[in-house]
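Enquirer: sequence first, predicted model second:
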Amino acid sequence: MTRKAGTADLPLHGGRVPPWLATRMARLGTVTTQAIVHHYGRDEFVRRLANPFWFQSFGAVMGMDWHSSGITTSVLGALKRGLAPLQYELGIHVCGGRGRHSRQTPAELTALGDRLSLDGAGLAQTSRLVAKVDSAAVQDGFDLYLHGFIITDDGKWTVVQQGMDGERGLARRYHWLSEGLTSFIDSPHSAIEGASQGTIVNLADRRASASRQAQLDLLATWSPDRIAQEVAKLSPAENRPGAEPDQPLLPHLTMPMHHDVGPENVVSRRLQSALAVAVDRGPTDFPDLLMTPGVGARTIQSLAMVAEVVHGAPCRFSDPARFAFAHGGKDRHPFPVPLKVYDETIRVLKSAVRQAKLGRDEELGAIRRLDEQARQLEHIVQGPSTEAIIAGEFAQSHALGGRSVFGWEPPPQSFGTSKPSTP
């Protein structure tokens, strides 16, 4: 059966991603996908999308709000836009989306099946079944409003869906993975993310098979009035002898309601190692390896975090907030998006991927070694606190092209007018 990757609380956020960030998210998401496919194959990329911790970290490294439900919409939207021109080259296709786009998913899959010689009608039915399970069979108080279906040329797929509870201001994300899936009604989820709100009626759990059959038998043999009378006699489940235990607890990722990033939201030694590898090794070694003189320590710091998204093991993504230190956040948390750094990161990655397509892996290999070096430093590094790192980012934000939904970041008064520095 499919593995369950965990749960998370997601504050429900509205609004839109500004165009200046949306275009960059599409570019960074595309080139990161290309790097993952180059190193590990497209099936591995699909598996990673089914991991809720990796998915949240992927969105955070792109400059989205690190904790919010908006990561789901923006990541899927960025991938759909960015991968569209390359979908037949990479063999990865992104269908669906939010609102009316989610309802177009079956038609998209039917058309795609015709082009790829896949069972398009079957894929469309799968899309409908997945949505129906999470909207009807899993009664957890969240109304689905987003449905993304990512599929490869050979029919491997991941579905990422999200529902909202407007009254509580919360969202829940559901991850499905076709790998190992044998039934749509016996524990099919790869993961379910969202706030714990007590007992969930989950008729898609394998332990509910007897309940599903009993419901069918009741509908066939009992009148509605008798069913209502019997339901009224039932005592609460927790008071019944021999009641089934709750579903097994999954690893739980809590996305807090507050915007700011505090020390409790990151594994500090991992963050400090990314800074250390940029300051201690980057300026002398890394630009020479990449043959791009002028790349500064700040860009290498971001590249180290992107490299971890490409190469990191699942256990590395327990603190998605840390990846927001690559390119900040559109709402100035943990700091404004440094556009000069963001653009330089994309340029270096695109150059590395382009060279790899020509059979020259030196640049992508250098980025991989950057991740390895950061992990080696993790156990010995001693660096500034999270608060000090954030303060330093704000101090140089104007020089690095800092921007947020509130506008361009002005020069800090206490530091005077600073000269633009190499990102």
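Expert: Structure received. Bear in mind the structure is a predicted one, so any value in this text is a computation, not a measurement.

Enquirer: what's the domain layout of this protein?
Expert: Using automatic domain parsing, the domain parsing of the chain gives 7-205+247-254, 263-415.

Enquirer: phi, psi of the residue most central in space within the chain?
Expert: Note on the chain: the residue nearest the mean C-alpha position is residue 55, at 1.9 Å, using Cα atoms, centre = their mean. The phi/psi pair for residue 55 (degrees, to the nearest 10) reads phi -60, psi -40.

Enquirer: same check on the one 4 residues further on?
Expert: In this entry, residue 59 is assigned phi and psi values of phi -70, psi -40 (degrees, to the nearest 10).

Enquirer: just the CA atoms of stretch 87-104, as PDB, please.
Expert: Below are the C-alpha coordinates for stretch 87-104, written out as PDB (Å, rounded to 0.1, in the frame of the first residue of the first chain):
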ATOM      1  CA  GLN A  87       6.300  18.600 -20.700                       C
ATOM      2  CA  TYR A  88       7.000  16.300 -23.600                       C
ATOM      3  CA  GLU A  89      10.700  16.600 -23.200                       C
ATOM      4  CA  LEU A  90      10.600  15.800 -19.400                       C
ATOM      5  CA  GLY A  91       7.600  13.500 -19.700                       C
ATOM      6  CA  ILE A  92       5.900  15.200 -16.800                       C
ATOM      7  CA  HIS A  93       2.500  16.800 -17.100                       C
ATOM      8  CA  VAL A  94       0.600  19.000 -14.600                       C
ATOM      9  CA  CYS A  95      -3.200  19.100 -14.900                       C
ATOM     10  CA  GLY A  96      -5.900  20.800 -12.800                       C
ATOM     11  CA  GLY A  97      -5.500  23.600 -10.400                       C
ATOM     12  CA  ARG A  98      -7.800  25.800  -8.300                       C
ATOM     13  CA  GLY A  99     -11.500  26.400  -8.700                       C
ATOM     14  CA  ARG A 100     -12.700  26.100 -12.300                       C
ATOM     15  CA  HIS A 101      -9.300  24.700 -13.300                       C
ATOM     16  CA  SER A 102      -9.800  21.700 -10.900                       C
ATOM     17  CA  ARG A 103     -13.100  20.900 -12.700                       C
ATOM     18  CA  GLN A 104     -11.300  20.800 -16.000                       C
END
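
Enquirer: buried set for it?
Expert: Buried residues in stretch 87-104, counting neighbours by 16 or more other Cβ atoms under 10 Å, are found at 87, 90, 91, 92, 93, 94, 95, 96, 97, 98, 101, 102. (Each C-beta comes from the backbone N, C-alpha and C, glycine too.)

Enquirer: sorry, back to before: for residue 119, see how far away the residue nearest to the centre of the chain is.
Expert: 27 Å (Cβ to Cβ, to the nearest Å).

Enquirer: before we move on, the earlier item: weakest of the domains of the chain by average pLDDT?
Expert: Looking at the domains of the chain, the lowest mean pLDDT belongs to domain 7-205+247-254 (a mean of 83).

Enquirer: what's the spacing between that one and its chain's center?
Expert: Offset of domain 7-205+247-254 from its chain centre (Cα atoms, centre = their mean, to the nearest Å): 9 Å.

Enquirer: show me the strands in the chain, by range?
Expert: Using DSSP state E, the strands of the chain run over 7-11, 92-98, 138-139, 143-152, 157-165, 170-177, 189-193, 201-202, 252-254, 337-338, 402-404, 407-408.
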